[in-house]
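Undergrad: Quick one, fold the following:
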Amino acid sequence: MNPWYKDASVDKQEGRKMDKWEEYGFRTTFLEEFLDTRPMPDEEQWEIVYQCAMDSEETIRCDAAEVLGIRCNEKDEEKLRRMTYDKAGLVNIEAIESLGMGRQEKTLKRLYELMRTGGRMERGYAVGAFFYVWVNRYGYTESSVKKCWRKMEKLYKKEKIVWVLDFYEKVRYLCGYEKGLMRLKDAMCKEPEDSHICDSQSMAFSQIEDIRTVFNEAGINQILIRALESMEDSCKINKDIKKLLEKKELPRILIVSKENAGLSQMMEYLSYKMKDEIWVRSAGINPAEEIMDEVREKLGEKEKIKRYYYPKKIRSVWIYDFIVSLGIRLKPEDYPFQRVVPLFEDADEKTLDVERAEKMLKELRDYIHKEMSR
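TA: I've put the predicted structure just below:
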């Protein structure tokens with residue numbers, strides 16, 4: 001990352017105090033650097049992010065909440081929980097969304113409280129975030145998600161706002177209950193009588209778009225076609241539905257290794273060459289603190305590598321179709337909603353060879369396309 005921010009800090013230390021607008025410009029540009037170029041902040045930069053999280057300007061706090069979701073370790077998660085009490089609506093909504101990357105019991109308790117007592121938007125976004133944190137913490141297994149839905153169902157039955165219920169229906173579907181998708185279908189196909197119905201249709205579409213995968217694409221397309229037939233041509237989501245119908249879903253793949261610091265990252269990085277065929281991310285059971293320097297050298301990355309490729313814990317498992325074990329053994333029963341790919345169980349994570357990584361990706365692509373045709 002460009003060290004311009006250090007120069008600005010030196011100016012302050014030498015006695016040239018920034019005025020209000022210079023300070024605002026400094027913090028805005030600083031945060032936008034992370035949101036646009038997506039590097040991983042260093043510890044000094046994290047401290048500035050923490051300062052921005054307490055800024056008097058709402059837009060600064062909002063951007064800081066988004067940046068805190070990049071790493072979302074215990075300290076970041078604690079700060080995000082505090083930000084859910086922010087009186088500015090945009091800030092607490094952004095904080096709730098970023099908390100979806102968390103995994104602490106305290107976060108689950110705060111989100112559940114928001115589901116019960118928050119405003120309409122807070123309740124809706126807290127529903128999604130609660131499920132994400134639950135899965136991050138307890139895994140995406142049949143027993144785990146059943147417990148999750150039982151806890152959420154108590155508030156689901158009390159919820160009256162259809163817009164918020166759309167969030168619940170998505171979660172219900174992801175917990176293994178097909179009825180959730182059928183309820184989203186009903187919301188999509190309902191005859192619009194007022195603006196509230198239109199809002200619900202838009203949110204139902206957004207939730208359906210989130211859960212559309214290579215495996216349910218055909219069934220969801222039928223729902224979208226049925227919704228189009230029931231809508232007026234002037235409906236604001238009409239074009240979005242048609243656009244989604246034209247899009248072909250790609251298989252979403254998570255490569256899981258022990259430390260997520262070597263070969264798994266190389267494969268993730270090199271997968272961009274197949275961006276029209278597969279979508280790949282990587283994670284670790286016990287991720288390392290830093291990416292191996294040799295990885296950058298082999299890939300020709302002299303600058304900071306983007307945060308996507310940094311060692312990271314397994315999160316948001318629900319978004320993936322395939323789980324690929326690299327150098328470890330995974331139990332299929334731990335991933336009942338995905339297909340576990342055992343191709344590289346005996347691979348060595350520390351074997352850093354670009355050509356080998358590219359061959360493995362091609363082998364993985366071919367294997368997955370065969371699996372999809374079964």
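
Undergrad: Spatially nearest residue to Met54 (excluding sequence neighbours)?
TA: Excluding its sequence neighbours, the residue lying closest to Met54 (Cβ to Cβ, 6 or more residues apart in numbering) is Arg61, at 7.4 Å. C-beta here means a position set from N, CA and C on the backbone, and glycine is covered the same way.

Undergrad: dump the residue contacts of that neighbour.
TA: 52-55, 83, 86, 88, 91 (Cβ atoms under 8 Å, 6 or more residues apart in numbering).

Undergrad: The residues you listed, buried ones only, as a PyMOL selection?
TA: Burial among those is assessed by 16 or more other Cβ atoms under 10 Å; the matching PyMOL selection reads:
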select buried, resi 52+53+55+83+86+91
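
Undergrad: circling back: check which helix or strand covers the residue nearest to Met54.
TA: For Arg61, the enclosing helix or strand under DSSP states H and E is helix 58-71.

Undergrad: can you pull the buried residues of that helix?
TA: Neighbour counts over helix 58-71 (16+ other Cβ under 10 Å) mark 60-65, 67-71 as buried.

Undergrad: Closest one to Arg183 out of those, please.
TA: Proximity of the buried residues of helix 58-71 to Arg183 (Cβ to Cβ) peaks at Gly69, which lies at 28.6 Å.

Undergrad: which residues touch the nearest residue to that closest one once chain neighbours are set aside?
TA: Excluding its sequence neighbours, the residue lying closest to Gly69 (Cβ to Cβ, 6+ apart) is Ser98, at 3.0 Å. Contacts for Ser98 (Cβ under 8 Å, 6+ apart) come out as 65-66, 68-69, 72, 80.

Undergrad: pLDDT for these - can I get that in CSV?
TA: Shown next, in CSV, are these (pLDDT from 0 to 100):
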residue, pLDDT
Ala65, 97
Glu66, 95
Leu68, 95
Gly69, 93
Cys72, 91
Leu80, 98
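
Undergrad: Just list the residues touching the residue nearest to Ser271 when sequence neighbours are not counted, thanks.
TA: Leaving aside its chain neighbours, Ser271 sits nearest to Val280 (3.8 Å; criterion: Cβ to Cβ, 6+ apart). Each residue near Val280 by Cβ under 8 Å, 6+ apart is listed here: 253-255, 267-268, 271, 274, 361.

Undergrad: from what I can see Glu94 touches Ala65, true?
TA: Yes - Glu94 lies in contact with Ala65 (Cβ atoms under 8 Å); the separation is 4.1 Å.

Undergrad: what is in contact with those two at once?
TA: Joint contacts of Glu94 and Ala65 (Cβ under 8 Å, 6+ apart) are Met83.

Undergrad: one step back: dump the helix holding Arg61 to CSV, keeping only the CA atoms.
TA: Only the C-alpha atoms of helix 58-71 are listed here, as CSV (Å, rounded to 0.1, in the frame of the first residue of the first chain):
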residue,chain,number,x,y,z
GLU,A,58,-21.0,9.2,9.9
THR,A,59,-19.5,8.3,6.5
ILE,A,60,-16.1,7.7,8.1
ARG,A,61,-17.5,5.4,10.7
CYS,A,62,-19.5,3.5,8.1
ASP,A,63,-16.4,2.8,5.9
ALA,A,64,-14.4,1.8,9.0
ALA,A,65,-17.1,-0.8,9.9
GLU,A,66,-16.7,-2.3,6.4
VAL,A,67,-12.9,-2.4,6.7
LEU,A,68,-13.2,-4.1,10.1
GLY,A,69,-15.0,-7.0,8.4
ILE,A,70,-11.9,-7.8,6.4
ARG,A,71,-10.0,-9.5,9.3
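
Undergrad: Please parse the protein into its domains.
TA: 1-102, 138-249, 252-372 (automatic domain parsing).

Undergrad: in this structure, which residue is closest to the centre?
TA: Ser316 (6.3 Å; Cα atoms, centre = their mean).

Undergrad: which non-adjacent residue is nearest it?
TA: Tyr132 (6.2 Å).

Undergrad: Whichever strand or helix holds the one you found: what's the following helix or strand?
TA: Using DSSP H and E, Tyr132 falls within helix 120-138. Moving toward the C-terminus from helix 120-138, the next helix or strand (DSSP H and E) is helix 142-156.
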